[in-house]
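Novice: quick one: sequence and predicted model below, then my questions.
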Amino acid sequence: MSSGMGDVLWTPGPDKIAATQVTRFRLEVNEQLNLGLDDYEALHRWSVADRPAFWRAMWDFAGVVGDGPGETVLVDGDRMPGASWFPESRLNYAENLLQGPDEAEAIVFRGETGETRRLTYAQLRETVAGIAAGLAADGVGPGDRVVGFLPNIPEAVIAMLAATSLGAVWSSCSPDFGEQGVLDRFGQIEPKVLFTADGYSYGGKSHDSMATTDLILDKLPSLVRAVVIPFRNQGSPLVGSMVSWAEYHDPAAGSTPKYRRVPFNHPLFIMYSSGTTGLPKCMVHSVGGTLLQHLKEHQLHCDVKPGDRLFYFTTCGWMMWNWLVTGLASGATVMLYEGHPLQPKTALWDYAQDERFTILGTSARWIAACEKAGLRPNVSHDLPELRAILSTGS
């Protein structure tokens, strides 16, 4: 087969197609709505032609938790901006991500230095509840901004879920951004609480974050608290409004967060443009829009199912971190990695083998780097469960 653009390299067989969630979804909407959608192309045409019916069906198929969806799906659908989806519904993003069975693994973390940590859904819920209690004690509520200047560690996920359980808005930056990069972003949104780690690993070195954190705190007057996670440089002094992660966590908060349900279009995440033309521009993503879109992408596009082990190589400063974490809402185990993806050069393939990834996401640049390094993971590694490799175009 030639390698020209547009050539089909592989097509799944009928049995594989029949076993996918997108096929189950198509058959269910055929039965429930008396449709005759014979294949994927017909399903796609219907999803575009009847958007309210499609998204209402997606809500039901994914089992969205909340008050809703209500009778009305879409108001002013031809307005941009101005369209309103599910205006009668109320839901909570964190509540939808924390539904997994108590003993199932929710998060597996591996660092560049080789350490591994695991959290079950029960442990994740309990820790989120404790951090949410700390946020509530600091007056954090719906619409307040909570931010993370963090490496890709479990505490980043926990802090985000704690904030969003209260209806607060989350935004995050990678710790390699530097003072001005962080201020260019967080300085626009007046955050109330900042989570930071004392350091991070990259390229075989441990990097300190506390000096940058000190500079950030001095220039964000809206902050009432900075929560420091001991990660790489434990023992760093805490001054002013800083408290440790352990001190902030309230062990009396109970085993489950107290979820605050909010309207479908309530803000959830603030992400940013690259900043190549002036200051980075804030992009606000809604609770319902983010959740339902990610559920659709995960379940219908990527066939994510309960028990899958979902990985994307990302930092907390890239939108794919938010995408990855929503995998919890489909019952997946979210696999986190902190550090250089080629330190050693087989680091991510080793991780995929050891932890039996089912879906691996990365950038085209990393795949090219693996090729340049002469890696042949289909020969060097045992990856029987890995059924999909996802890649962005950059």
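Specialist: Arrived safely, thanks for sending. Quantities reported herein were computed from a predicted structural model and do not represent experimental measurements.
Novice: where in the stretch 251-394 of the chain is pLDDT low?
Specialist: Scanning the stretch 251-394 of the chain for pLDDT under 70 picks out 393-394.
Novice: mind listing the helices for it?
Specialist: 287-296, 319-325, 347-355, 364-372, 377-380 (DSSP state H, counting those that start in this stretch).
Novice: and the third one, what other elements does it pack with?
Specialist: With contacts defined as 3 or more Cβ pairs under 8 Å, 6 or more residues apart in numbering; DSSP states H and E, the secondary structure elements packing on helix 347-355 are strand 105-111, strand 309-312, strand 333-338, strand 359-363, helix 377-380. C-beta here means a position set from N, CA and C on the backbone, and glycine is covered the same way.
Novice: just put the ones you listed in JSON lines and tack on mean neighbour count and distance to Arg185.
Specialist: Conversion of the helices and strands packed on helix 347-355 to JSON lines gives the following (neighbours: other Cβ atoms under 10 Å; distance: least, Cβ to Cβ, whole Å):
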{"stretch": "strand 105-111", "mean neighbour count": "21", "distance to Arg185": "25"}
{"stretch": "strand 309-312", "mean neighbour count": "24", "distance to Arg185": "21"}
{"stretch": "strand 333-338", "mean neighbour count": "25", "distance to Arg185": "20"}
{"stretch": "strand 359-363", "mean neighbour count": "21", "distance to Arg185": "21"}
{"stretch": "helix 377-380", "mean neighbour count": "12", "distance to Arg185": "35"}
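Novice: quick one: the ones you listed as a markdown table, columns for distance to Ile158 too.
Specialist: Converted to a markdown table, these look like this (distance: least, Cβ to Cβ, whole Å):
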| stretch | distance to Ile158 |
| --- | --- |
| strand 105-111 | 9 |
| strand 309-312 | 18 |
| strand 333-338 | 11 |
| strand 359-363 | 21 |
| helix 377-380 | 31 |
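Novice: figure out which of the ones you listed is closest to Gly254.
Specialist: Proximity to Gly254 (Cβ to Cβ) singles out strand 105-111 among the helices and strands packed on helix 347-355, at 17.6 Å.
Novice: quick check: mean pLDDT of the closest one?
Specialist: The average pLDDT within strand 105-111 is 97.
Novice: next one: stretch 69-88
Specialist: 95.
Novice: and the contacts of that stretch?
Specialist: 51-53, 55-56, 59-60, 68, 89, 263-265, 288-289 (Cβ atoms under 8 Å, 6 or more residues apart in numbering).
Novice: again, 6 Å this time
Specialist: Pro52, Arg56, Trp59, Gly68, Ser89, Phe264, Gly288 (Cβ atoms under 6 Å, 6 or more residues apart in numbering).
Novice: and the first one, what element?
Specialist: When secondary structure is defined by DSSP states H and E, Pro52 falls within helix 51-62.
Novice: what packs against the very next helix or strand once past that helix?
Specialist: Sequence order places strand 66-67 as the next helix or strand after helix 51-62, per DSSP H and E. Judged by 3 or more Cβ pairs under 6 Å, 6 or more residues apart in numbering; DSSP states H and E, the packing partners of strand 66-67 are strand 90-91.
Novice: how far off centre is the following helix or strand past the strand it packs on?
Specialist: Going down the chain from strand 90-91, the next helix or strand is helix 93-97, by DSSP H and E. Centroid separation between helix 93-97 and its chain, computed with Cα atoms, centre = their mean, to the nearest Å, is 11 Å.
Novice: show me what helix 93-97 is packed up against.
Specialist: Using 3+ Cβ pairs under 6 Å, 6+ apart, helix 93-97 is in contact with helix 154-165, helix 287-296.
Novice: so which helix or strand takes in the nearest residue to Val243 once chain neighbours are set aside?
Specialist: Of all residues not flanking Val243 in the chain, Val227 sits nearest, at 5.9 Å (Cβ to Cβ, 6 or more residues apart in numbering). Under the criterion of DSSP H and E, Val227 resides in strand 225-229.
Novice: may I see the buried residues of whatever helix or strand comes next after that strand?
Specialist: Beyond strand 225-229 in the direction of the C-terminus, DSSP H and E gives the next helix or strand as strand 242-244. By 16 or more other Cβ atoms under 10 Å, the buried positions in strand 242-244 come out as Met242, Val243.
Novice: so what are the sheet partners of strand 242-244 and their directions?
Specialist: strand 225-229 (parallel) (DSSP bridges).
Novice: most tightly surrounded among the helices and strands packed on helix 93-97?
Specialist: helix 154-165 (a mean of 27; mean count of other Cβ atoms under 10 Å).
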